[in-house]
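Asker: heads up, no residue letters with this:
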């Protein structure tokens, strides 16, 4: 892989646990499912995890606590080293 990605999975697990504790159980479950599934390549894993983070933030909107959002944004920054086109669109419809 041309771009080195730091291991963000401990931070992602923290964010998922905090999201669950704040009541976003189904969104947290979906994020966890996508980020822990088996993929053929590490690039695919990163892309699917990044897309799941984007979707979590989009669907969670204002219900996502700032600390959780900050952790997920840091995870997304690592994913963007390989998939720079992944972005959270503000105001996107659910």
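Answerer: Structure's in. What do you need? This one's a predicted model, so the numbers in the text were calculated from it and none came from an experiment.
Asker: spatially speaking, which residue is in the middle of this structure?
Answerer: Centroid-nearest residue in the chain: residue 53, 2.4 Å away (criterion: CA atoms, centre = their mean).
Asker: show me the residues around it that make contact.
Answerer: Counting by CB atoms under 8 Å, 6 or more residues apart in numbering, residue 53 touches 12, 31, 35, 72, 75-76, 79, 86. To be clear about C-beta, it is placed using only N, CA and C from the backbone, and glycine gets the same treatment.
Asker: Can you tell me how far it is from residue 74?
Answerer: Applying CB to CB, to the nearest Å, the value for residue 53 to residue 74 is 10 Å.
Asker: what do you get for residue 85?
Answerer: Residue 85 sits 18 Å away from residue 74, going by CB to CB.
Asker: Those two: which is more packed in?
Answerer: residue 74 (14 against 7; other CB atoms under 10 Å).
Asker: Poorly predicted segments of this structure, please.
Answerer: Scanning the chain for pLDDT under 70 picks out 1-2, 88-94.
Asker: Just the buried residues of the longest helix along it, please?
Answerer: The residue-count maximum for a helix in the chain (DSSP state H) belongs to helix 42-60. Neighbour counts over helix 42-60 (16 or more other CB atoms under 10 Å) mark 45-50, 52-60 as buried.
Asker: Of those residues, which is the nearest to residue 22?
Answerer: residue 60 (9.5 Å; CB to CB).
Asker: Let me know the secondary structure of residue 4.
Answerer: coil (DSSP: H, G, I helix; E, B strand; the rest coil).
Asker: Tell me, how many residues neighbour it?
Answerer: Residues lying near residue 4 (other CB under 10 Å) number 8.
Asker: for residue 73, same thing?
Answerer: Neighbours of residue 73 under the rule other CB under 10 Å: 13.
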